[in-house]
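[1] No letters, just coordinates:
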C-alpha cells in the first residue's frame, strides 16, 4: 500500500514540474511584447516588440508601425543542462540601429533573460545599451 501511495505522489509531483513545458504556446518568444527601457529610473522609454518564428528563423521588429526597426543579431538560447526551459531563464540578445530625435543613428545592444517560460505572461529583463550608455529594460508578453 505504501509503494502505491508514494508512486502516486511521485507521479503527481513529476506532472507538476513538467506541465509548464507542455503549457507553452508555440515558440516561447513569438508574439507581441511591450514594456520600457531606461537609462535612469523615472525616465522610461515605452517600447513594443514583435517576434516571429517560422520554424527555422527568429525575426523581430522594434516599435512596429511607421517608425519600425528590424532587429539584428537576434537570438534566443535555452539554458544549458537540466530540463530545457522548465525553470531556468533563456538568454535573449538583439541589436538595432535607431534614429534619435536629431536624426543621428543610435546603436542598441540588448541582453536579457526570458523568464516565467511556462506561462502565457512571460517576461524579459536585462540590460539595454544605447550607444555607450547602459540602462535596463523589462518587457512582458501581451
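    Looks like it arrived, so ask away. Keep in mind that what you see is a predicted model, and the values were worked out from it rather than measured.
[2] okay, and for this protein, where does confidence drop off?
    1-26, 81-86 (pLDDT under 70).
[3] What ranges does it have for its strands?
    31-38, 45-53, 58-62, 69-70, 72-77, 90-99, 105-115, 123-130, 133-141 (DSSP state E).
[4] quick one, the longest one and strand 123-130 angle?
    Interaxial angle of strand 105-115 relative to strand 123-130 (axes from the mean of the first three to the mean of the last three C-alpha atoms, to 10 degrees): 160 degrees.
[5] Next, the angle strand 31-38 makes with strand 105-115.
    Using the same axes, to 10 degrees: strand 105-115 against strand 31-38 is 120 degrees.
[6] and strand 105-115, which strands flank it?
    strand 90-99 (antiparallel), strand 123-130 (antiparallel) (DSSP bridges).
[7] how about the strands of the chain in CSV, adding mean neighbour count?
    In short, each C-beta sits where N, CA and C put it, glycine included. Shown next, in CSV, are the strands of the chain (neighbours: other C-beta atoms under 10 Å):
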stretch, mean neighbour count
strand 31-38, 16
strand 45-53, 16
strand 58-62, 17
strand 69-70, 14
strand 72-77, 13
strand 90-99, 17
strand 105-115, 17
strand 123-130, 18
strand 133-141, 17
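[8] Quick one: neighbours of residue 41, just the number.
    As a burial measure, residue 41 scores 8 neighbours (other C-beta atoms under 10 Å).
[9] residues in contact with it?
    By C-beta atoms under 8 Å, 6 or more residues apart in numbering, the contact list for residue 41 is empty.
[10] From residue 136, how far off is it?
    From residue 41 across to residue 136, the span is 8 Å (C-beta to C-beta, to the nearest Å).
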